[in-house]
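**Q** Pasting a predicted model and its sequence here:
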Amino acid sequence: MKLPLFPYVPAAVVVVLLAIYASHLQHAQADEALAAADTTRVAPDQLRYPPGSAQLAYLNIEAVKAVTPPVIEPLPARITFDEDHAVRVFSPVAGRTVQIVAQAGQAVHAGDVLAWLLAPDYDTAVADLHKAQADHDSKHAAWTRAQHLHDAGVIATRDLEAAQADARSAQAELERASARLRGLDGVGKDGRYALRAPIAGIIVERHLNPGQELRSDASDPAFVIIDPAHLDVVADVSESDVSKLRVGQHIRVQADGADLSQLDGQISSVGIAMDAATRRIPVRAHLVKPPAEVRPEMFVRMAPLGDSGQTAIAVPNSAIVTSGQKSFVFVERAPGNLIKTQVSFATRGRAMSYISQGLADGARVVTQGAILLDAELASDN
């Protein structure tokens, strides 16, 4: 006789196993009931979640606002200096650097010393002024004596006119030497020349090392100073889009990783000639009160705006779900109460779209998780 395949199992063990199975079954049914209670489809286009529901943790709900929509897709651009408020500092005299006072990133006032130089040209200019002053005094004294002698009939008029010409020549030389020294704008100290800041601002570049020789005809500036309150944004525009831009048009600036939602400006110039290398036309805009986190050479996007009288609701494309030819967003009418709402667009972009109908200013919209909500509505149909 063959032995059974499974050994004999006591009845008590069977009872315990059945009890464990029943307990697991009850917990599974309870979990399913809880999941069903978490989501209530109260209408074909409406979901309701109780407070603290796990599904709400996967959603990002934000208030949207009405803005002026752009006329074209935001253009790649960069922040740069406002050339009307930037100075590239060159040394007006040749000399050798003996002390650097200012550093990159430092704030300076107009007239502050940036560096001290040993500049023989400056010493020559000072000596020329002293010589011109002495010659001026001597020639004017001779002219005065000649005037008295002419009045007394001692010398001829020709001699008086020669003395007068010499005095006027000395006066012209004195004015030239004085203007030359004023143009250098340096107060020597121990035979040194002071290279000064012509404007107030921030030093953004320093191309100067101790002991470096400077020339008045150098190609690179010793310092670059800008006023951070005046910055521009520059974009290269294709010939198909440039017809939609004009001087004075308002723009909005967008950037990845920085909140520049309030940064705007006006187009100050639209290039006439197309760049032969890029086949683009440069467009420059002045920024209005740029915040401190905006820095030159940042990469941004410039969105030229349309008529300021037209507004639309700006939403990220992640908030939009599409069904056929219709587009929808989920609007929170009350906490946990989400309604699928059909919308129409003024314009659509790669990252943002602008809704002309279907949303009110200040509405709270699901900006992350809209696709999951749409799938949950579809699964209940």
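**A** Here it is on my side, so go on.

**Q** from here on, contacts and neighbour counts on C-alpha atoms
**A** Will do.

**Q** For the stretch 51-200 of the chain, just list every one of the strands.
**A** Using DSSP state E, counting those that start in this stretch, the strands of the stretch 51-200 of the chain run over residues 60-63, 66-67, 75-81, 86-89, 95-100, 107-108, 113-118, 193-196.

**Q** Other residues contacting the longest one?
**A** The set of residues external to strand 75-81 that reach it, using C-alpha atoms under 8 Å, 6 or more residues apart in numbering, is 226, 230-237, 294-303.

**Q** Buried ones only from those, please, as a ChimeraX command.
**A** Here is the ChimeraX command that selects the buried residues among the contacts of strand 75-81 (16 or more other C-alpha atoms under 10 Å):
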select :226,230,231,232,233,234,235,236,237,294,296,299,300,301,302,303
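
**Q** Bridging across strands, which residues link to M352?
**A** P316 (DSSP bridges).

**Q** Contacts only, for it.
**A** 314-317.

**Q** same thing with S327?
**A** Neighbouring residues of S327 by C-alpha under 8 Å, 6+ apart: 320-321, 342-344.

**Q** any idea how far it is from A110?
**A** 57 Å (C-alpha to C-alpha, to the nearest Å).

**Q** One more: P92?
**A** Shown here: P92 relative to A110, a distance of 17 Å by C-alpha to C-alpha.

**Q** Counting neighbours, go ahead and name the busier of these two.
**A** P92 (19 against 11; other C-alpha atoms under 10 Å).

**Q** Leaving out chain neighbours, which residue sits closest to that one?
**A** Spatially, and ignoring its direct neighbours in sequence, P92 is nearest to S216 (4.8 Å; C-alpha to C-alpha, 6 or more residues apart in numbering).

**Q** in the stretch 51-200 of the chain, which segments are predicted with low confidence?
**A** Scanning the stretch 51-200 of the chain with the threshold set as pLDDT under 70 gives 183, 185-191.

**Q** quick one: the helices in the stretch 1-150 of the chain?
**A** 11-38, 120-151 (DSSP state H, counting those that start in this stretch).

**Q** just the stretch 251-381 of the chain next, same as before
**A** Counting by DSSP H, counting those that start in this stretch, the helices of the stretch 251-381 of the chain are 370-379.

**Q** Strands along that one, start to end?
**A** 264-270, 281-287, 299-304, 312-316, 321-323, 326-334, 337-348, 352-357, 364-368.

**Q** per the record, what domains does this structure have?
**A** Listed domain ranges for the chain are 40-67+310-379, 75-82+230-304, 89-225 (source: automatic domain parsing).

**Q** hmm, back to that, what are the phi and psi values at the residue nearest to P92?
**A** Dihedral pair for S216: phi -70, psi -20, per degrees, to the nearest 10.

**Q** Pretty sure it sits against V89.
**A** No - under the criterion of C-alpha atoms under 8 Å, S216 is not in contact with V89, lying 10.6 Å apart.

**Q** Now do the residue nearest the centre of the chain against V253, distance only.
**A** Nearest to the mean C-alpha position of the chain, counting by C-alpha atoms, centre = their mean, stands V294 at 4.0 Å. Applying C-alpha to C-alpha, the value for V294 to V253 is 11 Å.

**Q** wait, what's in contact with the residue nearest to P92?
**A** By C-alpha under 8 Å, 6+ apart, the neighbours of S216 are 90-94.

**Q** for N209, same thing?
**A** 97, 100.

**Q** how near is the closest residue to I226 other than its chain neighbours to P228?
**A** Closest residue to I226 apart from its sequence neighbours, by C-alpha to C-alpha, 6+ apart: A86 at 4.3 Å. Here the distance between A86 and P228 works out to 9 Å (C-alpha to C-alpha).

**Q** what do you get for G336?
**A** G336 is 45 Å from P228, by C-alpha to C-alpha.

**Q** what about the stretch 251-381 of the chain, any weak spots by pLDDT?
**A** Counting by pLDDT under 70, the stretch 251-381 of the chain shows low-confidence ranges at 257-262, 308, 380-381.

**Q** what's the nearest residue to L338 if we skip its chain neighbours?
**A** Nearest residue to L338 in three dimensions, chain neighbours excluded: E332, at 4.6 Å (C-alpha to C-alpha, 6+ apart).

**Q** which ones are touching the one you found?
**A** 61, 338-339, 363-366.

**Q** so who does S91 touch?
**A** Applying C-alpha under 8 Å, 6+ apart to S91 gives the contacts 195, 214-216, 222.

**Q** so which of those residues is the most crowded?
**A** Counting by other C-alpha under 10 Å, top hit in the contacts of S91: L195 with 27 neighbours.

**Q** my read: V343 touches L359, true?
**A** Yes - counting by C-alpha under 8 Å, L359 is a contact partner of V343 at 7.0 Å.

**Q** okay, those two: which has more neighbours?
**A** The neighbour comparison of V343 against L359 (other C-alpha under 10 Å) goes to L359, with 22 against 16.

**Q** rewinding a little: need the strands of the stretch 251-381 of the chain in a markdown table (columns: distance to V126).
**A** As requested, those are exported to a markdown table (distance: least, C-alpha to C-alpha, whole Å):
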| stretch | distance to V126 |
| --- | --- |
| strand 264-270 | 44 |
| strand 281-287 | 42 |
| strand 299-304 | 48 |
| strand 312-316 | 65 |
| strand 321-323 | 77 |
| strand 326-334 | 76 |
| strand 337-348 | 67 |
| strand 352-357 | 64 |
| strand 364-368 | 70 |
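
**Q** among those, which is nearest P74?
**A** Taking C-alpha to C-alpha as the measure, the strands of the stretch 251-381 of the chain were each checked against P74, and strand 299-304 came out nearest at 4.2 Å.
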